[in-house]
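K.L.:
build me a structure from this.
(3 chains)
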Amino acid sequence: MTITMPPILQVENLYKSFDNTAILKGVSLRLHQGEIKVLIGPSGSGKSTLLQCINCLVQPDRGEILLDGTAVDRTSKTSLCRLRQEVGMIFQDFNLFDHLTALNNIIIPLRKVKKICRREAEKRARLELEQVGLADKTELYPAQLSGGQKQRVAMARALAMDPKALLLDEPTSALDPELIGEVIAVIKNLAARGMTMLMATHQISLIATLADEILFMEQGSIVEHGSPSVLLAPGSNSKSQGFCDRLNELSDGRE
Amino acid sequence: MQSSISIVIDALPYLLSGFFNTAAIVLMAMFLGLLLGIGIAVGLVYGGRMLRFLLGLYVWFFRGVPVLVLLFLFYFGLFPYLHLPINALVSVSVVLGMTTGAYQANIFKGAIIALPRGQFNAASALGMSTFQAIRTIILPQALRHSIPAWSNEYSIILKDSALAFVIGAPEIMARTQFVASRTYQHLSLYIVAGLLYFLLTWLGVTSLRYLEQKVKIPGYSHHGMR
Amino acid sequence: MMELFSPFYQELFAALNRGFLMSVALILPSAVGGICIGIAIGSVRVYTRPLFRRLGDAYAALFRGTPLVVQLFILYFGLPNIGLYLSPYAAAVIGFILCSGAYQSEYVRGALLSIRRGQYLGAYALGLTSWQTISSIVIPQAIRRALYGCGNEVIYLIKYSSLAYVVTCMELTGEGKTIATEYFRFTEVFTVIGLYYLGLVTLAMMGLKKLEQLLYIPGFGRQ
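P.N.:
Here you go, the predicted model:
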């Protein structure tokens, strides 16, 4: 990785408030090719809003979003669509299209956004579903899938668009404990293939093993950042460590 | 020539007597419909095959034939044929009551079916008879859940009651038509009639909403059941 | 059985068949027009700015809060007071379209509101434009959610088409009433008319059920 390459995704000084309550207070971050950054922090700290602001599902009040070093013009619909095409998004509650089969959930954006012909799109969709281990579920509707399967379809759908980076908004939070593993496996597999990711999660195993950098958010700002080996080292007394310790206690108590 | 406003004002007391007759028709019809509806619903859910078939036929008939046709059929046809000495006002109430009975049956049936099966089982396990279980456990819950749909049914029957004038029942429409045909102020008079119906709709729906709040059981909502 | 060939029955069925065609000529344009208005007003009531939304709400409240007969009387007997004359057929169809449109808009509105925010988010996050989201995600879902209500409204319309009689449009009920009065045989005549409507309504119900099955998606039903 050379320093001269611009980051794939760069966020500069993002501000957002709802009803006079500041949710994001000047957040900046850079995501280079192949990097994985993990956002942690208490709920309500603005992680979800930050992720939604990055691909403009929520319009930030102020700040810049740069894709491959070029600032995105948020007033232009075409550049917004291009941004969202190149930055995939995984939601906590999947957001599969309820009226379409797993296969068609993937085909529809390929055809509408990428303008790929139906046959090619279907081929690609089958391939992606196979990659996440759902080759036998192609014809099922969202209501017929388990939470873990739904999230894997959502990931296949995002990946079929060939995104340059992936934003993951607590991808395992809405899942029953026994279904979390299958989603984590897919995420780890993605990491191994070098996918660039920015992920909000409370999943210790993802934080500790995958993150190149931890970003700790509190009250709308990134108050601490660094590699897990430093921040989570015993006795580092970092906020991240305290937070992860509490998560550990919670999950120990449950299992 | 009299202005339309003064004609409307002069006619108002006369229209208002129609207003009260309309209210009476709707109240009688809804009450009859309530009795029929509960009976039919219970029969449709708990009855034997033959009873269910007959009740289904009743519901199918009254939901499939226009109110206007039913009014003509009963008032000019069946009631005289059976030598029933009832006047137009009562006839309308009976016909509307039988119609809404069919619709209310479907409402109550839906509410009964939506109750968890355990409610009936628990009542039986305590030694209640089927009749006791239905009356003391099932219906009090089902009827509460039915209030919003029932309020809808009220506004439908209220509007259907405006057809009563075709058989000469002295309600809002008949009175309005009477005045309009003499003064030729059709537009303003029918607008006033519309407002009277609007008022009755509002009155009924508001009091039913009040009733719903009044009989609400804390922490118990039918939305959570589905 | 011979009775069926008596002049009374011959005249009755000739009149009822004539009236039946008129009823169909009332129902079809009213159903189509009502659905179109319902879609338009329903969308206005969900997507536009508050002023238009409130106007749409007011239209729906007005036409749902007053009896259809009153609306028909205003159109047919009231409008001439301000110099507007409508034929019985025109008054009936316009009244049916306006009234049924108000009810349809309610179902369309409910269907549009029932589509979860996540469906829009999911579509936008993949780069779909607003129009693509509406045409490939919102409309297919809304159609399925609204189908039951809208279909039932058409069934209501079949029955309420009998009200055209009160503005002297000679359809099934009106034709039958004439014969019934002439022969003074109300029970027979109105039983037969009832059967005509029962047939139409039952047919429409079966059609609606078929359509529902056709569009069925597991876990995605009526509201």
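K.L.:
count of residues packed around the residue in chain C positioned nearest to chain A?
P.N.:
Residue nearest to chain A within chain C: C:Gly219 (2.0 Å; C-beta to the nearest C-beta). Every residue, glycine included, has its C-beta placed from N, CA and C. Other residues lying near C:Gly219 total 11 when counted by other C-beta atoms under 10 Å in any protein chain shown.
K.L.:
give me the phi and psi for it.
P.N.:
Main-chain dihedrals, C:Gly219, degrees, to the nearest 10: phi 70, psi 10.
K.L.:
is the helix ranked longest in chain C up against chain B anywhere?
P.N.:
In chain C, assigned by DSSP state H, the helix with the most residues is helix C:7-47. No. Interface with chain B: helix C:7-47 contributes nothing (C-beta under 8 Å from any C-beta of the partner chain), its closest point being 10.3 Å away.
K.L.:
what is that helix packed up against?
P.N.:
Other elements packing on helix C:7-47 under the criterion 3 or more C-beta pairs under 8 Å, 6 or more residues apart in numbering or on different chains; DSSP states H and E are helix C:50-65, helix C:88-113, helix C:139-160, helix C:172-183, helix C:186-214.
K.L.:
got a list of contacts for the shortest one?
P.N.:
The list of residues contacting helix C:172-183 from outside it, by C-beta atoms under 8 Å, 6 or more residues apart in numbering or on different chains, reads B:66, B:68-69, B:72, B:76, C:8, C:11-12, C:15-16, C:18-20, C:22-23, C:161-162, C:164-165, C:168, C:170, C:186, C:189-190, C:192-193, C:196-197.
K.L.:
before we move on, what about the first one?
P.N.:
Around helix C:50-65, the neighbours that count as contacts under C-beta under 8 Å, 6+ apart are B:155, B:197-198, B:201-202, C:41-42, C:44-46, C:48, C:71, C:98-99, C:101-103, C:105-106.
K.L.:
quick one: it to helix C:7-47, angle?
P.N.:
If you take axes from the mean of the first three to the mean of the last three C-alpha atoms, to 10 degrees, helix C:50-65 sits at 160 degrees to helix C:7-47.
K.L.:
now do the buried residues in stretch B:59-70.
P.N.:
B:Val59, B:Phe61, B:Phe62, B:Arg63, B:Gly64, B:Val65, B:Pro66, B:Val67, B:Leu68, B:Val69, B:Leu70 (16 or more other C-beta atoms under 10 Å in any protein chain shown).
K.L.:
ok, now stretch A:206-220?
P.N.:
Across stretch A:206-220, burial judged by 16+ other C-beta under 10 Å covers A:Leu206, A:Ile207, A:Leu210, A:Ala211, A:Glu213, A:Ile214, A:Leu215, A:Phe216, A:Met217, A:Glu218, A:Gly220.
K.L.:
how far out from the middle of the chain is the one helix or strand B:Ile156 maps to?
P.N.:
Assigned by DSSP states H and E, B:Ile156 belongs to helix B:139-160. Mean-position distance between helix B:139-160 and its chain equals 8 Å (C-alpha atoms, centre = their mean, to the nearest Å).
K.L.:
averaged pLDDT, that helix. What do you get?
P.N.:
Averaging pLDDT along helix B:139-160 gives 90.
K.L.:
now stretch B:205-212
P.N.:
pLDDT averaged over stretch B:205-212 gives 90.
K.L.:
mind listing what's buried in that stretch?
P.N.:
B:Val205, B:Leu208, B:Glu212.
K.L.:
wait, does that stretch make contact with chain C?
P.N.:
No. Stretch B:205-212 does not reach chain C (C-beta under 8 Å from any C-beta); its nearest approach is 9.3 Å.
K.L.:
ok, residues contacting that stretch?
P.N.:
Here stretch B:205-212 makes contact (C-beta under 8 Å, 6+ apart) with B:Arg144, B:Ile147, B:Pro148, B:Trp150, B:Ser151, B:Tyr154, B:Ser155.
K.L.:
who are the contact partners of the closest residue in space to the fourth one that isn't next to it in sequence?
P.N.:
Here the nearest residue to B:Trp150 in space, its sequence neighbours aside, is B:Ile107; by C-beta to C-beta, 6 or more residues apart in numbering or on different chains that works out to 6.4 Å. For B:Ile107, the set of contacting residues under the criterion of C-beta under 8 Å, 6+ apart consists of B:Gly37, B:Ala41, B:Ser146, B:Ala149, B:Trp150, B:Glu153.
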